[in-house]
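Trainee: Following is a predicted model, sequence given first.
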Amino acid sequence: MRLYNTLSRQEEEFAPQRDGVVRMYACGLTVYARGHIGNFRTFLAVDLLRRTLRHVAGFEVHHVTNFTDVDDKTIAESQKAGVPLREYTTRFIEAFREDAASLGLEAPEDTPRATDQENLVAMADMIAALESRGHTYRSEGSIYFKISTLPQYGQLARLDHAGMISGARVDSDKYEKEDARDFVLWKATKPDEPTWDCGVGPGRPGWHIECSAMALRLLGPAPIDIHCGGVDLIFPHHENEIAQAEGATGHQFARFWFHVEHLLMDDGEKMSKSLGNVFTIRDILDQGYRASALRFLLISVHYRKQLRYSWATLQQAEEAVKRLYDCVLRLERVKDGTGADGWEARLETARADFRDKLQADVNVPGALGAVFELLREANAAVDAGTLSRAQAEATLTFFADCDKVLGVIALRRQEESAPPIPQDELDALMAARVQARRMRNFAEADRLRAELDARGVILEDSPTGTIWKRK
RNA sequence: GGCGCCGUAGCCAAGUGGUAAGGCAGAGGUCUGCAAAACCUCCAUCCCCGGUUCGAAUCCGGGCGGCGCCUCCA
């Protein structure tokens, strides 16, 4: 398995350090609003990574994704809504779970919240360790990380701080700091803000401390294998996570850094809550598009390339998913044939191709190519009537195995499981049409087809019978 | 101002030294009561200009264009 590592800016051979278990941490959502599709592009990329590690590379995975449920925005928004912070953020955690399920994200092994007691304690412990190692100072009730005490600071982002001048706003923090680059570990709180005291004095967590502390609490000891997140987190968030974890433990924090490029809107701008140009999963489903198509679109561009979202490409994804699912349906209905020559070997080639692509830095678009190449040949074999029942089954197994990683067919199957009209009514109408066709009463047969079409059901006739699909 | 990424057919997108995967759309054909689906055929020389090489979309240099980070952000 090869993975690009932001730390070295190179692709490297990857294997977990201990016991064949990959210990990975992915920065999650700040839960003051529903996540948008840009957020989910990243979560989907991480999902494909975890599925590849499990189902292709054969490792076990211990994957942690956090919810940031305390920061300036969550506090401000909950106050605006007049709802206690915990209750307010819980709503968006539930919304996230709903969206994640609709996109078919595998559940991480742990999804800690920053404000859970054991996590706050872990943060306080880490800050205490940093204090005893001389990496901090206190000022006006807050505790800061003193960057000048950590010579290796900046290795991930590779920023030239000496050259950080005009054009960049450096010091925007409202709090007192000795050096503009220093960052807050534990924030003094205002009277109306939630406060915790877990050993380092009253206050609330700074933005970065939760990830270092929770990652090591759940996945430690350092180093963990992979740390994931969007590219915008490289600096300052991940750089500061490294400073905290390494300052506190004296060991490397994470061996691999996996960063997902941004999703851009049609106009070429980054989608982000602060820019206000956001679409949620729900917005898109409400427009009548399927989650399976959205999933396909979001995984069909390599994770290290920017993905430009448009309705046209979503429609293209919809057509591709349809083609994939239709092939599966055909294979399921294949009657026993004489046997296609060399089909087993062909499946093996496709399988190897699929795996090779994914093992090369999770090249999902390349892997999709392998699937669709095989798909065309499978359709041709079905047309020719050569495929034996066993070969059809083997082909279905191939698709199912690919889908353990891609997760698109499973979603589509779920979407298609119930017809848009009552099943018994559908059955009756379809039976009536079979009867009409048998009597060569095509006018009646076409009338029934039109009636169903108007109600969202498409019929497809074939030598092996008629099947229905959602429109 | 500094750092970095990207530019492949009408659209989306792999490939990163050996002569352009795949998807969508389009054209023609086969099959078909109709309608679909499916199959077959066709559809690019890789932003521009130089250079290295037997050979470059792939390496180097210079342009042009797009985007990101340097500040909350997936």
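Mentor: Perfect, thanks for sending it.
Trainee: for the stretch 1-150 of chain A, what spans make up the helices?
Mentor: Secondary structure of the stretch 1-150 of chain A (DSSP state H, counting those that start in this stretch): helices located at A:37-55, A:72-81, A:85-102, A:117-132.
Trainee: For chain A, which residue gets nearest to RNA strand B?
Mentor: Closest residue of chain A to RNA strand B, Cβ to the nearest atom of the strand: A:G230 (1.7 Å). Heads up, the C-betas are built off the backbone N, CA and C, glycines and all.
Trainee: I figured that residue hits A:F40, correct?
Mentor: No. A:G230 sits out of contact with A:F40 when judged by Cβ atoms under 8 Å, with a separation of 11.0 Å.
Trainee: quick one: A:L103 from A:L49, how far?
Mentor: 15 Å (Cβ to Cβ, to the nearest Å).
Trainee: no no, A:Q79
Mentor: For A:Q79 relative to A:L49 (Cβ to Cβ), the value is 37 Å.
Trainee: Between those two, which is the more surrounded one?
Mentor: Using other Cβ atoms under 10 Å as the criterion, A:Q79 and A:L49 rank with A:L49 on top: 26 against 14.
Trainee: Name the nearest residue to the more buried one, sequence neighbours excluded.
Mentor: Nearest residue to A:L49 in three dimensions, chain neighbours excluded: A:V362, at 5.5 Å (Cβ to Cβ, 6 or more residues apart in numbering).
Trainee: now do A:D361
Mentor: A:Y4 (5.1 Å).
Trainee: Now do the same contact list for the one you found.
Mentor: For A:Y4, the contacting residues are A:10-12, A:258, A:304, A:361, by Cβ atoms under 8 Å, 6 or more residues apart in numbering.
Trainee: I'd like to know the predicted local confidence at it, please.
Mentor: Note on A:Y4: pLDDT of 95.
Trainee: Would you mark the buried spots in stretch A:85-93?
Mentor: A:85, A:88-90, A:92-93 (16 or more other Cβ atoms under 10 Å).
Trainee: Quick check: buried residues in stretch A:189-205?
Mentor: Within stretch A:189-205, the residues scored as buried using 16+ other Cβ under 10 Å are A:189, A:193, A:196, A:198, A:200-201, A:203-205.
Trainee: Can you list the buried residues in stretch A:224-238?
Mentor: Of all the residues in stretch A:224-238, those buried under the rule 16+ other Cβ under 10 Å are A:224-234, A:236-238.
Trainee: An error on my part: the question was meant for stretch A:329-336.
Mentor: A:330-331, A:334.
Trainee: pLDDT averaged over that stretch - what is it?
Mentor: Rounded mean pLDDT across stretch A:329-336 is 92.
Trainee: any weak-confidence spans in chain A?
Mentor: The model of chain A has pLDDT under 70 over residues A:160-176, A:268, A:272-276.
Trainee: For the stretch 201-350 of chain A, just list every one of the helices.
Mentor: Applying DSSP H, counting those that start in this stretch to the stretch 201-350 of chain A gives helices spanning A:209-219, A:239-249, A:281-286, A:291-299, A:311-332, A:343-359.
Trainee: Tabulate those (CSV), appending distance to A:T397.
Mentor: Shown next, in CSV, are the helices of the stretch 201-350 of chain A (distance: least, Cβ to Cβ, whole Å):
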stretch, distance to A:T397
helix A:209-219, 34
helix A:239-249, 42
helix A:281-286, 30
helix A:291-299, 20
helix A:311-332, 10
helix A:343-359, 9
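Trainee: Of all these, which one is nearest A:K146?
Mentor: Set against A:K146 and scored by Cβ to Cβ, those come closest in helix A:239-249, at 9.3 Å.
Trainee: Can you get me a residue count around A:A254?
Mentor: By other Cβ under 10 Å, the residues close to A:A254 number 28.
Trainee: Next, the contact list for the closest residue to A:R433 other than its chain neighbours, please.
Mentor: Spatial nearest neighbour of A:R433, chain neighbours left out: A:L448 (4.2 Å); criterion: Cβ to Cβ, 6+ apart. A:L448 is in contact with A:429, A:432-433, A:436, counting by Cβ under 8 Å, 6+ apart.
Trainee: For ChimeraX, what selects the buried ones among those residues?
Mentor: This is how ChimeraX selects the buried members of the contacts of A:L448, with burial counted by 16+ other Cβ under 10 Å:
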select /A:429,433,436
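Trainee: contacting residues around A:L150?
Mentor: Contacts for A:L150 (Cβ under 8 Å, 6+ apart) come out as A:135, A:243, A:246-247.
Trainee: ok, 7 Å please
Mentor: A:135, A:243, A:247 (Cβ atoms under 7 Å, 6 or more residues apart in numbering).
Trainee: and the residue lying closest to A:D336 once chain neighbours are set aside, how many neighbours does it have?
Mentor: In space, and not counting its chain neighbours, A:D336 is closest to A:R389: 4.2 Å by Cβ to Cβ, 6+ apart. Neighbour count of A:R389, defined by other Cβ under 10 Å: 12.
Trainee: Looks like A:R389 contacts A:R333 (just checking).
Mentor: No. A:R389 is beyond contact range of A:R333, at 10.7 Å (criterion: Cβ atoms under 7 Å).
Trainee: distance of A:A128 from A:M214?
Mentor: 16 Å.
Trainee: What of A:R50?
Mentor: 18 Å.
Trainee: Ok, A:P223 next?
Mentor: From A:P223 to A:M214 the distance is 15 Å (Cβ to Cβ).
Trainee: With A:H259 instead?
Mentor: Counting by Cβ to Cβ - A:H259 and A:M214 are separated by 19 Å.
Trainee: Could you do A:F256 as well?
Mentor: 18 Å.
Trainee: From the neighbour counts alone, determine which of the two ranks first.
Mentor: A:M214 (25 against 20).
Trainee: Just to check, the more buried one is in contact with A:V121?
Mentor: No. Counting by Cβ under 7 Å, A:M214 stays clear of A:V121, with 10.9 Å between them.
Trainee: picking that back up, the residue nearest to A:D361 bridge partners, please.
Mentor: Counting by DSSP bridges, A:Y4 forms beta bridges with A:E11.
Trainee: Also A:W186?
Mentor: A:I143, A:P205.
Trainee: Identify the residues contacting it.
Mentor: Counting by Cβ under 7 Å, 6+ apart, A:W186 has contacts A:127, A:142-143, A:200, A:203, A:205-206.
Trainee: Likewise for A:Q391?
Mentor: Counted by Cβ under 7 Å, 6+ apart, A:Q391 has contacts A:339-340, A:343.
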